[in-house]
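> Sequence plus predicted model, see below.
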Amino acid sequence: MNVPARICIILILAAGFAARAAEPSPTKVIAGTIAHTERSDQDRARDATSKPAQIMAFFGIAERMTILDLFSGGGYWAELFAHVVGKDGRIVAHTNAAYRNFSGKEADARLAGGRLSNVEVLHSEFDDLKLGRNRYDLIFIGLGYHDIYFHAPFWAQPGRDHFFGQLMTALKAGGTLAIIDHAAARGTRAAHAGTLHRIDEAFARTDIERAGFAFVKATDALRNPEDDHTLEVFDDTVRRQTDRFVYFFRKP
(Lines give C-alpha, C1' and ligand atoms only; values in the text may rest on other atoms or scores of the structure.)
Protein backbone atom coordinates (compact mmCIF):
# COMPACT_ATOMS: atom_id res chain seq x y z
CA MET A 1 0.00 0.00 0.00
CA ASN A 2 1.41 3.39 -0.95
CA VAL A 3 1.81 6.26 1.52
CA PRO A 4 -1.13 8.41 0.28
CA ALA A 5 -3.47 5.40 0.60
CA ARG A 6 -2.30 4.77 4.17
CA ILE A 7 -2.86 8.42 5.02
CA CYS A 8 -6.40 8.28 3.62
CA ILE A 9 -7.23 5.20 5.69
CA ILE A 10 -5.82 6.82 8.83
CA LEU A 11 -7.86 9.97 8.22
CA ILE A 12 -11.05 7.98 7.64
CA LEU A 13 -10.53 5.96 10.84
CA ALA A 14 -9.73 9.11 12.80
CA ALA A 15 -12.89 10.79 11.53
CA GLY A 16 -14.94 7.77 12.59
CA PHE A 17 -13.44 7.74 16.07
CA ALA A 18 -13.99 11.49 16.39
CA ALA A 19 -17.64 11.19 15.34
CA ARG A 20 -18.28 8.46 17.90
CA ALA A 21 -16.52 10.45 20.58
CA ALA A 22 -18.69 13.45 19.77
CA GLU A 23 -21.92 11.47 20.29
CA PRO A 24 -23.44 12.03 23.74
CA SER A 25 -23.33 9.06 26.08
CA PRO A 26 -26.62 7.29 26.93
CA THR A 27 -26.41 8.77 30.42
CA LYS A 28 -26.15 12.29 29.03
CA VAL A 29 -29.01 11.69 26.58
CA ILE A 30 -31.24 10.49 29.42
CA ALA A 31 -30.22 13.40 31.65
CA GLY A 32 -31.02 15.79 28.81
CA THR A 33 -34.40 14.17 28.40
CA ILE A 34 -35.28 14.58 32.08
CA ALA A 35 -34.31 18.25 31.87
CA HIS A 36 -36.10 18.87 28.55
CA THR A 37 -37.79 22.26 28.60
CA GLU A 38 -40.98 20.99 26.94
CA ARG A 39 -41.83 18.63 29.80
CA SER A 40 -44.81 19.64 31.94
CA ASP A 41 -44.68 20.52 35.62
CA GLN A 42 -46.97 17.55 36.27
CA ASP A 43 -44.49 15.16 34.66
CA ARG A 44 -41.56 16.69 36.53
CA ALA A 45 -43.41 16.18 39.82
CA ARG A 46 -44.03 12.54 38.94
CA ASP A 47 -40.31 11.98 38.35
CA ALA A 48 -39.74 11.85 42.11
CA THR A 49 -41.62 8.54 42.40
CA SER A 50 -41.28 7.11 38.88
CA LYS A 51 -37.49 7.68 38.76
CA PRO A 52 -37.26 7.78 34.96
CA ALA A 53 -33.49 8.27 34.75
CA GLN A 54 -32.83 5.07 36.69
CA ILE A 55 -35.54 3.11 34.92
CA MET A 56 -34.51 4.11 31.39
CA ALA A 57 -30.85 3.38 32.13
CA PHE A 58 -31.80 -0.01 33.59
CA PHE A 59 -33.73 -1.02 30.47
CA GLY A 60 -31.12 0.40 28.11
CA ILE A 61 -33.36 2.95 26.39
CA ALA A 62 -31.18 4.55 23.73
CA GLU A 63 -31.13 6.52 20.51
CA ARG A 64 -32.62 5.01 17.33
CA MET A 65 -34.65 2.35 19.15
CA THR A 66 -38.18 1.38 18.15
CA ILE A 67 -40.25 1.02 21.32
CA LEU A 68 -43.81 -0.08 22.02
CA ASP A 69 -45.32 1.56 25.09
CA LEU A 70 -48.14 -0.92 25.66
CA PHE A 71 -51.13 0.48 27.59
CA SER A 72 -49.49 3.87 27.35
CA GLY A 73 -52.14 5.68 29.38
CA GLY A 74 -51.51 9.41 29.53
CA GLY A 75 -48.17 9.04 27.76
CA TYR A 76 -45.70 9.97 30.51
CA TRP A 77 -43.26 7.26 29.48
CA ALA A 78 -43.93 7.63 25.76
CA GLU A 79 -42.79 11.24 25.86
CA LEU A 80 -39.63 10.38 27.77
CA PHE A 81 -38.81 7.56 25.37
CA ALA A 82 -39.46 9.84 22.39
CA HIS A 83 -36.83 12.33 23.51
CA VAL A 84 -34.26 9.60 24.18
CA VAL A 85 -34.65 7.66 20.91
CA GLY A 86 -34.49 10.87 18.91
CA LYS A 87 -35.52 11.61 15.34
CA ASP A 88 -34.15 8.29 14.07
CA GLY A 89 -36.14 6.29 16.63
CA ARG A 90 -39.83 5.48 16.85
CA ILE A 91 -42.33 5.19 19.70
CA VAL A 92 -45.68 3.44 19.35
CA ALA A 93 -48.00 4.55 22.15
CA HIS A 94 -50.68 1.88 22.44
CA THR A 95 -54.10 2.38 23.95
CA ASN A 96 -57.45 0.62 23.96
CA ALA A 97 -61.03 1.64 24.76
CA ALA A 98 -60.71 1.10 28.51
CA TYR A 99 -57.45 3.02 28.82
CA ARG A 100 -58.74 5.86 26.64
CA ASN A 101 -61.75 6.27 28.93
CA PHE A 102 -59.37 6.61 31.85
CA SER A 103 -56.55 8.77 30.45
CA GLY A 104 -57.38 9.70 26.86
CA LYS A 105 -57.62 13.43 27.49
CA GLU A 106 -54.12 13.55 28.97
CA ALA A 107 -52.71 11.58 26.03
CA ASP A 108 -54.46 13.80 23.48
CA ALA A 109 -53.15 16.97 25.12
CA ARG A 110 -49.62 15.55 25.23
CA LEU A 111 -49.60 14.81 21.51
CA ALA A 112 -51.60 17.83 20.32
CA GLY A 113 -50.14 19.75 17.41
CA GLY A 114 -47.71 16.98 16.55
CA ARG A 115 -45.35 18.05 19.34
CA LEU A 116 -43.84 14.53 19.51
CA SER A 117 -43.28 13.80 15.84
CA ASN A 118 -41.69 10.38 16.39
CA VAL A 119 -44.68 9.04 18.35
CA GLU A 120 -47.55 7.23 16.68
CA VAL A 121 -50.70 6.16 18.50
CA LEU A 122 -52.01 2.63 18.11
CA HIS A 123 -55.61 1.88 19.07
CA SER A 124 -56.17 -1.86 19.43
CA GLU A 125 -57.73 -4.39 21.77
CA PHE A 126 -56.33 -7.43 23.56
CA ASP A 127 -57.60 -9.98 21.08
CA ASP A 128 -55.82 -8.32 18.13
CA LEU A 129 -53.14 -5.85 19.23
CA LYS A 130 -52.00 -5.25 15.62
CA LEU A 131 -48.34 -5.13 16.63
CA GLY A 132 -46.75 -6.55 13.50
CA ARG A 133 -43.79 -8.92 13.33
CA ASN A 134 -40.21 -8.42 14.52
CA ARG A 135 -40.78 -4.69 14.75
CA TYR A 136 -39.71 -3.63 18.23
CA ASP A 137 -36.40 -3.42 20.04
CA LEU A 138 -38.27 -3.10 23.33
CA ILE A 139 -41.82 -3.54 24.59
CA PHE A 140 -42.57 -1.60 27.76
CA ILE A 141 -45.50 -2.42 30.04
CA GLY A 142 -45.62 0.14 32.81
CA LEU A 143 -48.14 -0.88 35.50
CA GLY A 144 -50.34 -2.74 33.00
CA TYR A 145 -49.18 -6.36 33.06
CA HIS A 146 -51.64 -7.24 35.85
CA ASP A 147 -54.51 -6.20 33.58
CA ILE A 148 -54.26 -9.41 31.57
CA TYR A 149 -55.75 -11.01 34.70
CA PHE A 150 -58.39 -8.31 35.24
CA HIS A 151 -61.95 -9.49 34.59
CA ALA A 152 -64.83 -7.13 33.80
CA PRO A 153 -67.64 -6.99 31.20
CA PHE A 154 -65.90 -4.13 29.34
CA TRP A 155 -62.49 -5.81 29.32
CA ALA A 156 -61.86 -8.33 26.54
CA GLN A 157 -59.95 -11.41 27.69
CA PRO A 158 -58.21 -13.27 24.87
CA GLY A 159 -56.23 -15.45 27.28
CA ARG A 160 -52.66 -15.00 28.46
CA ASP A 161 -51.19 -17.39 25.89
CA HIS A 162 -52.61 -15.38 23.00
CA PHE A 163 -51.53 -12.11 24.64
CA PHE A 164 -47.92 -13.17 25.17
CA GLY A 165 -47.81 -14.79 21.74
CA GLN A 166 -48.53 -11.40 20.18
CA LEU A 167 -45.70 -9.80 22.16
CA MET A 168 -43.26 -12.55 21.22
CA THR A 169 -44.11 -12.13 17.54
CA ALA A 170 -43.76 -8.36 17.66
CA LEU A 171 -40.35 -8.28 19.40
CA LYS A 172 -37.15 -8.60 17.42
CA ALA A 173 -34.85 -11.50 18.30
CA GLY A 174 -32.96 -10.49 21.42
CA GLY A 175 -35.46 -7.72 22.10
CA THR A 176 -36.41 -6.57 25.59
CA LEU A 177 -39.68 -7.01 27.46
CA ALA A 178 -39.71 -4.38 30.22
CA ILE A 179 -42.17 -4.85 33.08
CA ILE A 180 -43.08 -2.56 35.97
CA ASP A 181 -46.02 -3.43 38.20
CA HIS A 182 -47.54 -2.98 41.64
CA ALA A 183 -46.51 -5.76 44.01
CA ALA A 184 -49.18 -7.82 45.76
CA ALA A 185 -48.73 -9.91 48.88
CA ARG A 186 -46.57 -12.98 48.34
CA GLY A 187 -48.43 -16.11 47.39
CA THR A 188 -51.54 -14.31 46.11
CA ARG A 189 -50.64 -14.92 42.46
CA ALA A 190 -53.14 -12.94 40.32
CA ALA A 191 -55.95 -12.86 42.90
CA HIS A 192 -55.75 -9.09 43.44
CA ALA A 193 -55.29 -8.04 39.80
CA GLY A 194 -58.88 -6.84 39.49
CA THR A 195 -59.42 -5.53 43.02
CA LEU A 196 -56.22 -3.91 44.28
CA HIS A 197 -54.65 -3.75 40.77
CA ARG A 198 -51.62 -5.59 42.11
CA ILE A 199 -49.94 -8.86 41.22
CA ASP A 200 -47.61 -11.26 43.04
CA GLU A 201 -44.10 -10.63 41.70
CA ALA A 202 -42.97 -14.24 42.02
CA PHE A 203 -46.01 -15.33 40.04
CA ALA A 204 -45.28 -12.62 37.46
CA ARG A 205 -41.74 -13.79 36.85
CA THR A 206 -42.78 -17.43 36.49
CA ASP A 207 -45.71 -16.48 34.28
CA ILE A 208 -43.60 -14.45 31.87
CA GLU A 209 -40.84 -17.04 31.77
CA ARG A 210 -43.46 -19.68 31.00
CA ALA A 211 -44.45 -17.55 28.01
CA GLY A 212 -40.94 -18.03 26.61
CA PHE A 213 -39.15 -14.87 27.73
CA ALA A 214 -35.80 -15.16 29.48
CA PHE A 215 -35.43 -13.33 32.78
CA VAL A 216 -32.32 -11.11 32.76
CA LYS A 217 -32.36 -8.94 35.88
CA ALA A 218 -34.40 -6.86 38.32
CA THR A 219 -33.89 -3.57 40.10
CA ASP A 220 -35.10 -2.28 43.47
CA ALA A 221 -35.36 1.30 42.16
CA LEU A 222 -39.13 1.49 42.79
CA ARG A 223 -39.39 -0.57 45.97
CA ASN A 224 -41.25 0.87 48.95
CA PRO A 225 -41.00 -1.23 52.14
CA GLU A 226 -43.63 1.00 53.79
CA ASP A 227 -46.30 -0.33 51.42
CA ASP A 228 -47.94 -3.37 53.05
CA HIS A 229 -49.64 -4.47 49.78
CA THR A 230 -53.16 -4.32 51.23
CA LEU A 231 -54.40 -1.07 49.66
CA GLU A 232 -55.77 -0.43 46.20
CA VAL A 233 -53.13 1.35 44.16
CA PHE A 234 -55.40 4.38 43.64
CA ASP A 235 -55.75 4.96 47.38
CA ASP A 236 -54.37 8.43 48.12
CA THR A 237 -52.01 7.11 50.81
CA VAL A 238 -50.09 4.95 48.30
CA ARG A 239 -50.91 6.42 44.88
CA ARG A 240 -47.67 6.65 42.84
CA GLN A 241 -45.80 5.34 45.90
CA THR A 242 -46.65 1.65 45.80
CA ASP A 243 -44.05 -1.06 46.17
CA ARG A 244 -43.25 -1.86 42.52
CA PHE A 245 -41.17 -4.61 40.97
CA VAL A 246 -39.13 -3.92 37.83
CA TYR A 247 -38.20 -6.88 35.63
CA PHE A 248 -36.04 -7.08 32.51
CA PHE A 249 -36.80 -10.00 30.16
CA ARG A 250 -35.39 -10.83 26.76
CA LYS A 251 -36.78 -12.64 23.73
CA PRO A 252 -34.39 -15.53 22.99
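Yep, that arrived.

> shaky segments in the stretch 1-150 of the chain?
Across the stretch 1-150 of the chain, the ranges flagged by pLDDT under 70 are 1-24.

> So which residues of it form strands?
For the stretch 1-150 of the chain, the strands defined by DSSP state E, counting those that start in this stretch occupy 66-70, 90-95, 119-123, 136-142.

> Strand 136-142 and the second one, what's the angle between them?
Here strand 90-95 points in a direction 40 degrees away from that of strand 136-142 (axes from the mean of the first three to the mean of the last three CA atoms, to 10 degrees).

> can you check the first one too?
Computed with the same axes, to 10 degrees, the direction of strand 66-70 lies at 20 degrees from that of strand 136-142.

> just the helices in the stretch 1-150 of the chain please.
Taking DSSP state H, counting those that start in this stretch as the test, the helices found in the stretch 1-150 of the chain are 3-22, 26-34, 41-50, 52-59, 76-85, 97-111.

> circling back to that earlier point, kindly reformat the strands of the stretch 1-150 of the chain as TSV containing distance to residue 245 and mean neighbour count.
Any C-beta I mention is one placed from the backbone N, CA and C, and that applies to glycine too. TSV is the format used below for the strands of the stretch 1-150 of the chain (distance: least, CB to CB, whole Å; neighbours: other CB atoms under 10 Å):
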stretch	distance to residue 245	mean neighbour count
strand 66-70	17	26
strand 90-95	22	24
strand 119-123	26	16
strand 136-142	12	23
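
> so which of the ones you listed comes closest to residue 60?
strand 136-142 (7.7 Å; CB to CB).

> Point out where the stretch 151-252 of the chain drops to low pLDDT.
Across the stretch 151-252 of the chain (using pLDDT under 70), the flagged ranges come out as 153-158.

> just to revisit the earlier point, residue 147 is nearest to which of the helices of the stretch 1-150 of the chain?
helix 97-111 (8.3 Å).

> quick revisit: of all the strands of the stretch 1-150 of the chain, which one is nearest residue 101?
Closest among the strands of the stretch 1-150 of the chain, using CB to CB: strand 90-95, at 9.9 Å.

> So in that sheet, which strands flank the closest one, and in what orientation?
Paired with strand 90-95 in the same sheet, following DSSP bridges, are strand 66-70 (parallel), strand 119-123 (parallel).

> got a list of contacts for the last one?
For strand 119-123, the surrounding residues in contact (CB atoms under 8 Å, 6 or more residues apart in numbering) are 75, 78-79, 82, 90-96, 100, 107, 111, 130-131.

> Run the chain-centre distance for it.
14 Å (CA atoms, centre = their mean, to the nearest Å).

> again with stretch 233-240
From the chain centre to the centre of stretch 233-240 is a distance of 21 Å (CA atoms, centre = their mean).

> outside of stretch 229-242, which residues touch it?
Here stretch 229-242 has contacts from 46, 49-50, 143, 182-185, 195-198, 224, 227, 243, using CB under 8 Å, 6+ apart.

> Buried ones in that stretch, by neighbour count?
Neighbour counts over stretch 229-242 (16 or more other CB atoms under 10 Å) mark 229, 231, 233, 238, 242 as buried.

> ok so, going back, now the two most distant members of the contacts of strand 119-123.
Pairwise distances across the contacts of strand 119-123 (CB to CB) peak at 22.2 Å, for the pair 79 and 130.
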